[in-house]
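*Asks:* Predicted coordinates and the sequence they were generated for:
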Amino acid sequence: MSRPTTESLRLLPWIGAEGKPCYLIGDGDGYVSRLADDIESVQLGMAVDLLAHTDDLLSDRSATPEQLRYVIARLAESLRDVHRVARSRGARLAAPGRADHPE
């Protein structure tokens, strides 16, 4: 039995115990892969909504420091999520043996 390579690992869009990354070993066609795809889609959509909210808040001269700190905290969370999605997708695009990846 061969050991899975790092190319067969998928970084999942959630974290595990103690904030450690979670990975999926497989071909990308199973339930967990579809669930991860759905969660990534939600995370990216929420990032777009948060950017729009941030734009509105920044243009509001009466925004309080508390409101700004809150939106900055949410932006940091969203940026972590989007960065994880980008790393995961980038790793899968670069994986050798993919049908859409020229070797």
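*Replies:* The structure has been received and is ready for your questions. Residues are numbered from 1 along each chain as shown.

*Asks:* So which residue is smack in the middle of the protein?
*Replies:* Centroid-nearest residue in the chain, with CA atoms, centre = their mean: residue 85, separated by 2.8 Å.

*Asks:* Of all the residues in the helix or strand hosting that residue, which ones are buried?
*Replies:* Assigned by DSSP states H and E, residue 85 belongs to helix 65-94. The neighbour-count check on helix 65-94 (16 or more other CB atoms under 10 Å) flags 71, 78, 81-82, 84-85, 88, 92 as buried. For glycine as for every other residue, the C-beta is placed from the backbone atoms N, C-alpha and C.

*Asks:* by contact count, what packs against the longest strand along the chain?
*Replies:* In the chain, assigned by DSSP state E, the strand with the most residues is strand 9-15. Using 3 or more CB pairs under 8 Å, 6 or more residues apart in numbering; DSSP states H and E, the elements in contact with strand 9-15 are strand 21-25, helix 31-59, helix 65-94.
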